[in-house]
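Visitor: one predicted model, sequence on top.
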Amino acid sequence: MWDSIVIGAGQAGLSTSFHLRRLGVPHVVLDANPHPGGAWQHRWDALTMADVNGIADLPNAPLPPADGPERANVFVPGYFSDYERHHDLPVERPVVVRAVLDDGGVLRVESKDGRTWHSRTLVNATGTWRRPFLPHYPGRESFRGEQLHTSEFPAPEHFRGKRVLVVGGGISAVQFLGLLRPITDTVWVTRREPVWHTGEFDEQAGREAVARVEERVRRGLPPRSVVSVTGLLLRPQEQEAARLGAYERRPMFERIEPDGVRWAGGTFEPVDAIIWATGFRPDVEQLAPLHLRSPWGGIQLGDTLATSTTAVADPRIQLVGYGPSASTIGANRAGRVAARAVARQLEPAQAS
């Protein structure tokens with residue numbers, strides 16, 4: 001019987017584990033990956049440390065300096081691995097959690113390979129990477145070219161000489177176009193007109209953006225990404241793609257055909273590959289047996305700082321890396337808040 005179980009050993013899970021250990025809470029971290037690194041180990045090889053939008057330091061461990069060309073899917077997992085080892089965090093892997101159930105007032109965690117753990121509390125830190133979102137469009141199954149989601153993006157050279165359609169209005173789409181347009185022809189489509197960020201994006205603007213995402217979670221609505229309220233920004237390495245017309249956005253096509261897409265006006269657009277940079281959904285299906293979702297489709301969290309990671313429907317459950325904490329700095333803060341909430345939840349049991 002554990003006092004707490006953490007599911008996931010990415011930034012949010014490691015931060016939570018650090019703070020649980022500091023508070024003296026016996027716990028175990030169950031991670032689905034065979035190696036340390038969270039979702040970062042699965043990022044595309046062309047993503048360098050110069051491309052990432054900043055990585056917050058894990059608690060009591062400054063991020064080592066990176067010169068820029070280091071592959072993010074090597075550098076960050078190495079940082080996470082060193083952190084686990086240095087702080088002797090109790091991570092078990094690989095463990096793919098199938099379900100979390102209430103077993104007579106105790107939480108029972110079941111893995112896909114039949115193992116079981118029991119705990120008084122639980123922190124879900126599974127992020128989004130295992131839940132890629134692929135929207136359905138008529139004719140998608142008929143396309144004879146290549147279709148890839150962000151989670152499957154290979155090296156840019158893979159697309160040289162191909163006409164590539166990039167679907168999506170987020171940071172990944174902007175980065176893919178920046179990589180691809182200098183070496184091949186691209187077409188960019190989004191459902192809504194992209195909102196570009198102009199001027200300084202200071203700390204106050206960041207707090208306001210996070211607060212808008214947080215408000216949805218507090219109301220029990222499905223979370224949206226922070227970039228949906230901050231807008232998009234072109235970095236210096238994307239200026240050449242911009243000069244070549246990569247960011248001249250077109251509205252969504254009407255349907256997909258074997259060799260391209262058909263616009264609403266009837267014009268045909270030939271393409272060889274489609275990249276679905278359409279984002280991810282929160283990886284929380286393992287919590288379904290606990291019936292945490294509100295009538296509005298999201299998991300409602302508390303409306304104070306101390307309860308901002310706590311599921312309203314079941315205060316034994318904390319969610320980090322969910323909604324406003326789905327960034328590295330947000331995950332760190334949420335890990336500390338969640339650990340304290342766990343300790344408070346355990347107080348009655350410890351007193352008895």
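Guide: Cool, got the structure.

Visitor: what residues of stretch 133-141 count as buried?
Guide: residue 137 (16 or more other CB atoms under 10 Å). Backbone N, C-alpha and C define where each C-beta goes, glycine included.

Visitor: which strand in the chain has the most residues?
Guide: strand 116-124 (DSSP state E).

Visitor: partners of the helix or strand following it in the sheet?
Guide: The element immediately downstream of strand 116-124 (helix or strand, assigned by DSSP states H and E) is strand 146-149. Using DSSP bridges, the strands paired with strand 146-149 in its sheet are strand 273-276 (parallel).

Visitor: any idea how far the partner strand is from the chain center?
Guide: In this view, strand 273-276 has its centroid 20 Å away from the chain centroid, taken as CA atoms, centre = their mean, to the nearest Å.

Visitor: using CSV, write out every CA atom in it.
Guide: The C-alpha trace of strand 273-276 is given here as CSV (Å, rounded to 0.1, in the frame of the first residue of the first chain):
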residue,chain,number,x,y,z
ALA,A,273,2.4,14.0,-48.4
ILE,A,274,0.2,15.4,-45.6
ILE,A,275,1.5,16.3,-42.2
TRP,A,276,-1.2,16.5,-39.5
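
Visitor: show me where the chain has its helices.
Guide: With DSSP state H as the criterion, the chain has helices at 11-22, 72-86, 171-180, 203-218, 227-230, 239-243, 328-351.

Visitor: make JSON lines from those helices and add mean pLDDT and distance to residue 250 to it.
Guide: Putting these into JSON lines (pLDDT from 0 to 100; distance: least, CB to CB, whole Å) gives the following:
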{"stretch": "helix 11-22", "mean pLDDT": "97", "distance to residue 250": "35"}
{"stretch": "helix 72-86", "mean pLDDT": "96", "distance to residue 250": "30"}
{"stretch": "helix 171-180", "mean pLDDT": "93", "distance to residue 250": "12"}
{"stretch": "helix 203-218", "mean pLDDT": "65", "distance to residue 250": "27"}
{"stretch": "helix 227-230", "mean pLDDT": "62", "distance to residue 250": "20"}
{"stretch": "helix 239-243", "mean pLDDT": "93", "distance to residue 250": "16"}
{"stretch": "helix 328-351", "mean pLDDT": "86", "distance to residue 250": "33"}
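
Visitor: near the nearest residue to residue 45 once chain neighbours are set aside, how many other residues are there?
Guide: Spatial nearest neighbour of residue 45, excluding adjacent residues (CB to CB, 6 or more residues apart in numbering): residue 155 at 5.5 Å. When neighbours are defined as other CB atoms under 10 Å, residue 155 has 11 of them.

Visitor: where does this structure dip in pLDDT?
Guide: Scanning the chain for pLDDT under 70 picks out 67, 198-214, 223-231, 324-329, 349-352.

Visitor: again, only using 80
Guide: 53-54, 67-68, 195, 197-233, 323-330, 348-352 (pLDDT under 80).

Visitor: quickly list the domain ranges of it.
Guide: Domain assignment for the chain by automatic domain parsing gives 2-131+280-351, 140-196+232-276.

Visitor: in contact with residue 47, which residues?
Guide: Contact partners of residue 47, counting by CB atoms under 8 Å, 6 or more residues apart in numbering, are 71, 72, 73, 175.

Visitor: my bad, should have said residue 172
Guide: 150, 153, 277, 279.

Visitor: same question, residue 151
Guide: Per CB under 8 Å, 6+ apart, neighbours of residue 151: 42, 129, 132, 280.

Visitor: I'd like the residues you listed laid out as JSON lines, including distance to residue 24.
Guide: As requested, these are arranged in JSON lines below (distance: CB to CB, whole Å):
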{"residue": "42", "distance to residue 24": "33"}
{"residue": "129", "distance to residue 24": "31"}
{"residue": "132", "distance to residue 24": "38"}
{"residue": "280", "distance to residue 24": "34"}
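
Visitor: in JSON lines: these, plus neighbour count and distance to residue 185.
Guide: Output for the contacts of residue 151, formatted as JSON lines (neighbours: other CB atoms under 10 Å; distance: CB to CB, whole Å):
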{"residue": "42", "neighbour count": "14", "distance to residue 185": "28"}
{"residue": "129", "neighbour count": "20", "distance to residue 185": "29"}
{"residue": "132", "neighbour count": "15", "distance to residue 185": "25"}
{"residue": "280", "neighbour count": "20", "distance to residue 185": "27"}
